[in-house]
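Visitor: Sequence and predicted model, in that order:
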Amino acid sequence: MKITAIKTYICHAYRTNWVFIKVFTDVDGLYGVGEATLEYKEHTVAQACHELESLLIGKDPHRIEEFWHLAYRNAYWRGGAVLMSALSSIEMALWDIKGKDLGVPVYQLLGGKVREAVPCYANGWFAPAKTPHEFAEKAKIAVKNGFKALKWDPFGSAYLQIGRKELNQAMECIGAVYEAVKDEADIIIEAHGRFDIPTAVRIGNALSDFDILWYEEPIPPQNLEGLAEVKRRIKVPVSAGERLYNRWEFKSLFELRAVDYIQPDVSHAGGIMELKKIAAMAEAYHIPICPHNPSGPVANAATLQLAACVPNFYLLETMSSDVPWRSEICNEEITFKNGQMTIPDKPGLGIDIDEKEIEKHPYEAKELRHYQGTLTDIRHNNAKSFFKE
């Protein structure tokens, strides 16, 4: 069997554009799908996928480790979001091919199941709330829908520092949600790498009043030593890792004792096997893995394969709803019951994409919302659940 071609697809998804890939083989009808969604760099990452074609065409798709090593080595300017996202998407497509060719889910090729379903926390549940009361009401709905933990960024447009008024408003919002769901669900506070060290510490100390599950990316992601300092100076758990791109970067995170939870993204950190390796490193430090997973349906399918076979997998991030055409551009089947997603058993990743439906939703340029005070404008007006019970 040989690889014959790759093709990329960009699909508008309201807050971003999904980037998908197909890797084709010379076996009739056998191809794999992957996802490289990289917000605000969608065309760049799609081109990066095509730049890896020379390592693919005419090669055996089963030799996944060889491809990964050569793609990483031959880049010379290694790492970074663009290369690693392109590499990740192709790597997961190769696993999809292997699973389909052998007639088994990918998790069977990685050691088999350790669980039948994985607990989930919700992102995007709050849209379009603006006031503490609105957040609290949205939180009650999310918990009623089955989610056992809720994550959001309450810090408006703050960057590096935050004023007293804005901080008090953020804490009022957190308090309202905490009181609304404290007997039924955990809360997770996202900071999107916003703050300098003293501000992150100040906020972390204030968060100790709310028994949060974790405080996510309190400072910019490149300063792991600073993250470790923040963790030492506060009492709430700390998470990070969505903007680290391979096992070597996570090695430094572990050695510095900088986090309580890690959040690598299967679409950015090197793909399925690289996350399996990162998770094994984390297991040696007794650190749970809670992958970053706010992207599209193929990334979700790949992350579910990892959830099946990684012992220290703790929580799966998921969007509580999505654009109404999510169910049209793919054949995703997600069962969500009692706060958990069931691990699917179809061969490969268990998902396919529809090229013609994707063409109906062409690329639309989007800008970062995090410092514009529009973070809650994250969902389409007609957003709907993509789960079934």
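Guide: Happy to help now that I have it.
Visitor: Contacts only, for the residue nearest to Phe67 when sequence neighbours are not counted.
Guide: Leaving aside its chain neighbours, Phe67 sits nearest to Leu55 (6.1 Å; criterion: CB to CB, 6 or more residues apart in numbering). Heads up, the C-betas are built off the backbone N, CA and C, glycines and all. Shown in contact with Leu55 (CB atoms under 8 Å, 6 or more residues apart in numbering): Phe67, Leu70, Ala71, Asn74.
Visitor: Glu166 too?
Guide: Applying CB under 8 Å, 6+ apart, the residues contacting Glu166 are Phe155, Gly156, Ala158.
Visitor: among these, who's most crowded?
Guide: With neighbours taken as other CB atoms under 10 Å, the top of the contacts of Glu166 is Phe155, carrying 25 neighbours.
Visitor: For it, what are phi and psi?
Guide: phi -100, psi 20 (degrees, to the nearest 10).
Visitor: same check, this time on the one 5 residues further on
Guide: Main-chain dihedrals, Leu160, degrees, to the nearest 10: phi 70, psi -60.
Visitor: Distance of it relative to Gly204?
Guide: 15 Å (CB to CB, to the nearest Å).
Visitor: who has more neighbours, the two?
Guide: More crowded of Leu160 and Gly204, by other CB under 10 Å: Gly204, with 23 against 13.
Visitor: Run through the residues that contact the more buried one.
Guide: Tyr215, Pro218, Val230, Arg233, Ile234, Lys235, Val236, Val238.
Visitor: Compile the residues you listed into TSV and extend it with columns for secondary structure, pLDDT and neighbour count.
Guide: As requested, the contacts of Gly204 are exported to TSV (DSSP: H, G, I helix; E, B strand; the rest coil; pLDDT from 0 to 100; neighbours: other CB atoms under 10 Å):
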residue	secondary structure	pLDDT	neighbour count
Tyr215	strand	98	24
Pro218	coil	98	29
Val230	helix	98	24
Arg233	helix	98	14
Ile234	coil	98	20
Lys235	coil	98	9
Val236	coil	98	21
Val238	strand	98	23
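Visitor: And the residue nearest the centre of the chain?
Guide: Asn293 (2.1 Å; CA atoms, centre = their mean).
Visitor: could I get stretch 70-86 in PDB with only the CA atoms?
Guide: Taking Å, rounded to 0.1, in the frame of the first residue of the first chain, the C-alpha atoms of stretch 70-86 are listed here in PDB:
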ATOM      1  CA  LEU A  70      11.500  12.500   9.300                       C
ATOM      2  CA  ALA A  71       8.900  15.300   9.200                       C
ATOM      3  CA  TYR A  72      10.200  16.700  12.600                       C
ATOM      4  CA  ARG A  73      13.900  16.200  11.700                       C
ATOM      5  CA  ASN A  74      13.700  17.600   8.200                       C
ATOM      6  CA  ALA A  75      11.900  20.700   9.200                       C
ATOM      7  CA  TYR A  76      15.200  22.000  10.700                       C
ATOM      8  CA  TRP A  77      13.200  24.900  12.200                       C
ATOM      9  CA  ARG A  78      11.500  22.500  14.500                       C
ATOM     10  CA  GLY A  79       8.500  22.800  16.700                       C
ATOM     11  CA  GLY A  80       6.000  25.700  16.700                       C
ATOM     12  CA  ALA A  81       2.300  25.800  16.100                       C
ATOM     13  CA  VAL A  82       2.200  25.600  12.300                       C
ATOM     14  CA  LEU A  83       4.600  22.700  11.700                       C
ATOM     15  CA  MET A  84       3.300  20.700  14.600                       C
ATOM     16  CA  SER A  85      -0.300  21.200  13.600                       C
ATOM     17  CA  ALA A  86       0.300  20.100  10.100                       C
END
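Visitor: List the buried residues of it.
Guide: Leu70, Ala71, Tyr72, Ala75, Ala81, Val82, Leu83, Met84, Ser85, Ala86 (16 or more other CB atoms under 10 Å).
Visitor: which among those gets closest to Asn331?
Guide: Ser85 (23.5 Å; CB to CB).
Visitor: what helix or strand does the closest one sit in?
Guide: Ser85 belongs to helix 81-102 when assigned by DSSP states H and E.
Visitor: Over to Ile358?
Guide: With DSSP H and E as criterion, Ile358 is part of helix 355-359.
Visitor: and that helix, what does it pack onto?
Guide: strand 3-12 (3 or more CB pairs under 8 Å, 6 or more residues apart in numbering; DSSP states H and E).
Visitor: Pairing partners for the strand it packs on, with directions?
Guide: In the sheet, strand 3-12 lines up against strand 17-25 (antiparallel) (DSSP bridges).
Visitor: Need the CA coordinates for the strand it pairs with. CSV is fine.
Guide: What follows is strand 17-25, C-alpha atoms only, in CSV (Å, rounded to 0.1, in the frame of the first residue of the first chain):
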residue,chain,number,x,y,z
ASN,A,17,-12.3,27.9,10.6
TRP,A,18,-11.8,24.1,10.8
VAL,A,19,-8.9,22.7,8.8
PHE,A,20,-9.3,19.1,7.8
ILE,A,21,-7.0,16.8,5.7
LYS,A,22,-7.5,13.6,3.8
VAL,A,23,-4.5,11.3,3.1
PHE,A,24,-5.3,9.0,0.1
THR,A,25,-3.9,5.5,-0.7
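Visitor: Pretty sure Ser295 sits against Phe20.
Guide: No. Using CB atoms under 8 Å as the test, Ser295 is too far from Phe20 to be in contact (10.4 Å).
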